[in-house]
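Peer 1: next come a sequence and a model predicted from it.
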2 protein chains.
Amino acid sequence: MSIEQQLTDVIRTWSQTFMRRSMTDFKRFMKETGLSFAQINVLMRLYHDRQCSVSDIGRQLGVSNAAASQLVHGLVKMGYVERSEDPHDRRVKQLSLTDSGRDLMEEGISARSCWLQDLAQALTPEQQHMIIEALQLLTRAAQDTMNAET
Amino acid sequence: MSIEQQLTDVIRTWSQTFMRRSMTDFKRFMKETGLSFAQINVLMRLYHDRQCSVSDIGRQLGVSNAAASQLVHGLVKMGYVERSEDPHDRRVKQLSLTDSGRDLMEEGISARSCWLQDLAQALTPEQQHMIIEALQLLTRAAQDTMNAET
DNA sequence: CTTGATAGTTAAGCTGCGTTAATTATACAC
DNA sequence: GTGTATAATTAACGCAGCTTAACTATCAAG
């Protein structure tokens, strides 16, 4: 087996382990907040990108603008998202998280990383350093290849 | 920032990058096969575990047995899953993938790891070795802590 | 053999998300 | 200014998946 093959296998295996574990916590978060998968997806996107338009949301989720608009509507009603006019183009609505929305996401993130803390403590400092370096490398490479494609 | 904190952050960042990229391919796979997220989830579970009962499916997905049964029913009708009686307890139906179901999953997996191949090739062999070792370590530790909890 | 628990299925109904089509407001080219 | 394209919204409707409740078959304990 080539080393490239070996690497992709290892990445896949880790991802499956990670996701399997994360799914449980994610489900619980959904139950607790009453939010759907799609809604959390939108909030996460806004949490990372600070601002984007309704069409951006639709594009990222791979759904129509109408669907994105409805999704956003719900989140605005719940007080997690706010709309404001884009000064450069008054047709587009800039979306952003409210304080309440940001708090919610941070809560969700920390809830889902509890088990990662446990995981970290099961490793020696040397192992942790190595893994940090490895994942930074991997993340950077992934971002580069993604940017290269566009 | 503590090293544990640093490690969990790095893991989160990588996961986000990975998922963001995988989402696109996953969406395409769903469109192509006409399968839903839940259905693929069931198939994946069966792909890895070879066999399980209807209740197992429900438990893993966090839904009622009725819902799991309906989900399975659809997959059986499509020819991806087959039911057989458990010889030890005739109440339970052992589920397993058909050849066609197995082929489908393998196809999906290789489609989703194309970009990982590109990613691998952007790294030097030394880097790849390091990452392989790191992820193996991480995966093993995660599986250990998960088993310890139960 | 009876009783109670468990596995799975089916039916009926609800909800949420998606779609298309129509509508409004704005931008931009000519 | 007129005409066309784009951003967002809304309405109407369909579909998938979930739930509860009722039912069947099987197991296991007494």
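Peer 2: Happy to help now that I have it.

Peer 1: distance-wise, check the spatially most central residue of chain A relative to A:Arg83.
Peer 2: A centroid search over chain A (C-alpha atoms, centre = their mean) returns A:Met44, at 4.8 Å, as the residue closest to the centre. The gap separating A:Met44 from A:Arg83 is 18 Å, by C-beta to C-beta, to the nearest Å. All C-beta atoms are positioned from the backbone trio N, CA, C, and that covers glycine.

Peer 1: quote the end-to-end distance of stretch A:40-57.
Peer 2: 12 Å (C-alpha to C-alpha, to the nearest Å).

Peer 1: right, is it up against DNA strand D?
Peer 2: Yes - Stretch A:40-57 is in contact with DNA strand D by C-beta under 7 Å from any atom of the strand, via A:53-56.

Peer 1: quick check: the two most widely separated of these?
Peer 2: Across the residues of stretch A:40-57 next to DNA strand D, the longest distance by C-beta to C-beta is 7.2 Å; it joins A:Val54 and A:Asp56.

Peer 1: returning to what we had before: among the residues of stretch A:40-57 next to DNA strand D, which are in helices?
Peer 2: Among the residues of stretch A:40-57 next to DNA strand D, DSSP state H puts A:54-56 in helices.

Peer 1: distance from the chain centre to the longest helix seen in chain A, please.
Peer 2: Scanning chain A for the longest helix, with DSSP H as the assignment, gives helix A:3-33. Offset of helix A:3-33 from its chain centre (C-alpha atoms, centre = their mean, to the nearest Å): 13 Å.

Peer 1: with stretch A:78-95 instead?
Peer 2: 21 Å.

Peer 1: identify each buried residue in that stretch, please.
Peer 2: By neighbour count on 16 or more other C-beta atoms under 10 Å in any protein chain shown, the buried set for stretch A:78-95 is A:78, A:80-82, A:93-95.

Peer 1: which two among these are spaced furthest apart?
Peer 2: The two members of those with the most space between them (C-beta to C-beta) are A:Met78 and A:Gln94, at 18.5 Å.

Peer 1: what's the next secondary structure element after the longest helix of chain A?
Peer 2: Per DSSP states H and E, the first helix or strand lying C-terminal to helix A:3-33 is helix A:37-49.

Peer 1: for that next one, name the packing helices and strands.
Peer 2: helix A:3-33, helix A:54-61, helix A:65-77, strand A:81-86, strand A:89-97, helix A:99-112 (3 or more C-beta pairs under 8 Å, 6 or more residues apart in numbering or on different chains; DSSP states H and E).

Peer 1: A:Ala67: neighbouring residues, count only.
Peer 2: Neighbour count of A:Ala67, defined by other C-beta atoms under 10 Å in any protein chain shown: 14.

Peer 1: quick check: closest non-adjacent residue to the residue in chain A sticking out farthest from the centre.
Peer 2: The centre of chain A is farthest from one residue, A:Met1, which by C-alpha atoms, centre = their mean lies 33.1 Å away. In space, and not counting its chain neighbours, A:Met1 is closest to A:Asp9: 8.0 Å by C-beta to C-beta, 6 or more residues apart in numbering or on different chains.

Peer 1: state the distance from that neighbour to B:Ser113.
Peer 2: On the measure of C-beta to C-beta, A:Asp9 and B:Ser113 end up 9 Å apart.

Peer 1: neighbour count: the two, which is higher?
Peer 2: Set side by side, A:Asp9 and B:Ser113 show more neighbours around B:Ser113, with 19 against 15, by other C-beta under 10 Å.

Peer 1: against DNA strand C, how distant is the closest residue to that one other than its chain neighbours?
Peer 2: Spatial nearest neighbour of B:Ser113, chain neighbours left out: A:Thr8 (5.1 Å); criterion: C-beta to C-beta, 6+ apart. Distance, A:Thr8 to DNA strand C, by C-beta to the nearest atom of the strand, to the nearest Å: 29 Å.

Peer 1: noted, bye for now.
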